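Participant: below is the structure, and that's it, no one-letter string:
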């Protein structure tokens, strides 16, 4: 009887050994929040809605065109 | 889908280093680390050209390929970022990068090489967007604030363009058409020859 109990305990322990095993996969990070989700601080640029990807993309595109393409604001492009 | 890219217009860059300063200020980059720098070709010779260089956020980034701990990741916008908690500071990415983008602070005891630091396209890191923890490790997350990288937005001559690849390509193309030159510096034709489809090479390298 005692041997059987000991054998059962040994069996249970050997089965639980795997529970302490650490994953050995490569620890790459992919848990970043998407940029269009916005920020929690007060520095966000106005004119777009956090969480709306299409709106964020459109806002950035407009910002890039207005801020970086002076031809769109000058007579030279017309 | 936006795919963020930088392009520097060598016809406009005046080597003012405003982009370098803007980057250091915006992200509070430590002493000895330059995420962006201005490179001048034929310095001092009439016709010298300057370009501002940082991480180009490669579509097939060699730094990602060589990293032994897989600390790099690419966002949906094509920005190559890394996790400083995973980085072991081995420096492989520095050897692999053709632009010299990865930087290593040497502020540790005995000048020990610290965690890698590089341009984030002002997109922070894996921590919560805009959090203090993210700022301390990676700098500002301007992209999540709906802004473009500080270096490009601060560029006085608008030589440095940043944003969706399609948008910056359109801006640059329009400039080249308007001024009639400058396309020879960048692009497919420069990298692979300017022979158009169907034309003969006549044995001459174009």
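Facilitator: Everything's here; your move. Predicted model, so just to flag it, every value in this text is computed and none were measured.
Participant: write out the residues of chain A neighbouring chain B.
Facilitator: A:26-41, A:43-45, A:47-48, A:56-57, A:59-61, A:63-65, A:67-71, A:76-77 (C-beta under 8 Å from any C-beta of the partner chain). All C-beta atoms are positioned from the backbone trio N, CA, C, and that covers glycine.
Participant: touching chain A at all, stretch B:16-32?
Facilitator: No - counting by C-beta under 8 Å from any C-beta, chain A has no neighbours in stretch B:16-32; the shortest distance is 11.0 Å.
Participant: quick revisit: report the buried members of the residues of chain A next to chain B.
Facilitator: Taking 16 or more other C-beta atoms under 10 Å in any protein chain shown as the criterion, what is buried in the residues of chain A next to chain B is A:28-29, A:32-33, A:35-39, A:44, A:48, A:56-57, A:59-60, A:63-65, A:67-69.
Participant: state the pLDDT value of the closest residue to chain A within chain B.
Facilitator: Closest approach between chain B and chain A, counting by C-beta to the nearest C-beta: residue B:130, at 3.0 Å. Among the per-residue scores, residue B:130 shows a pLDDT of 92.
Participant: and the closest residue to it other than its chain neighbours, what does it touch?
Facilitator: Residue nearest to residue B:130 in three dimensions, not counting chain neighbours: residue A:39, with 3.0 Å by C-beta to C-beta, 6 or more residues apart in numbering or on different chains. Residues near residue A:39 by C-beta atoms under 8 Å, 6 or more residues apart in numbering or on different chains: A:50, B:129-130, B:141, B:144-145.
Participant: most neighbours of all these, which one?
Facilitator: Highest neighbour count within the contacts of residue A:39: residue B:141, with 29 neighbours (other C-beta atoms under 10 Å in any protein chain shown).
Participant: run through the bridge partners of that residue.
Facilitator: For residue B:141, the beta-bridge partners are residue B:123 (DSSP bridges).
Participant: was I right to think it contacts residue B:126?
Facilitator: No - look at residue B:141 against residue B:126 with C-beta atoms under 8 Å: they stay out of range, at 11.0 Å.
Participant: packing partners of the lengthiest helix in chain B?
Facilitator: Secondary structure of chain B read by DSSP state H shows that its longest helix is helix B:165-179. Contact partners of helix B:165-179 among helices and strands, from 3 or more C-beta pairs under 8 Å, 6 or more residues apart in numbering or on different chains; DSSP states H and E: helix A:53-68, strand B:4-8, strand B:160-164.
Participant: dump those to TSV, plus mean pLDDT and distance to residue B:67.
Facilitator: Output for these, formatted as TSV (pLDDT from 0 to 100; distance: least, C-beta to C-beta, whole Å):
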stretch	mean pLDDT	distance to residue B:67
helix A:53-68	93	28
strand B:4-8	94	20
strand B:160-164	95	24
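Participant: closest to residue B:59 out of the ones you listed?
Facilitator: strand B:4-8 (9.3 Å; C-beta to C-beta).
Participant: so how far is the longest helix of chain B off the chain centroid?
Facilitator: 18 Å (C-alpha atoms, centre = their mean, to the nearest Å).
Participant: which other residues reach stretch A:67-74?
Facilitator: Against stretch A:67-74 from outside (C-beta under 8 Å, 6+ apart): A:65-66, A:77, B:148, B:152-153, B:158, B:161-163, B:168, B:170-171, B:174-175, B:178.
Participant: the same query, at a cut-off of 10 Å, please.
Facilitator: Contacts with stretch A:67-74, where a contact means C-beta atoms under 10 Å, 6 or more residues apart in numbering or on different chains, come from A:65-66, A:76-78, B:147-148, B:152-153, B:155, B:158-163, B:167-168, B:170-172, B:174-175, B:177-178.
Participant: run a quick neighbour tally on residue B:175.
Facilitator: For residue B:175, the count of nearby residues is 21 (other C-beta under 10 Å).
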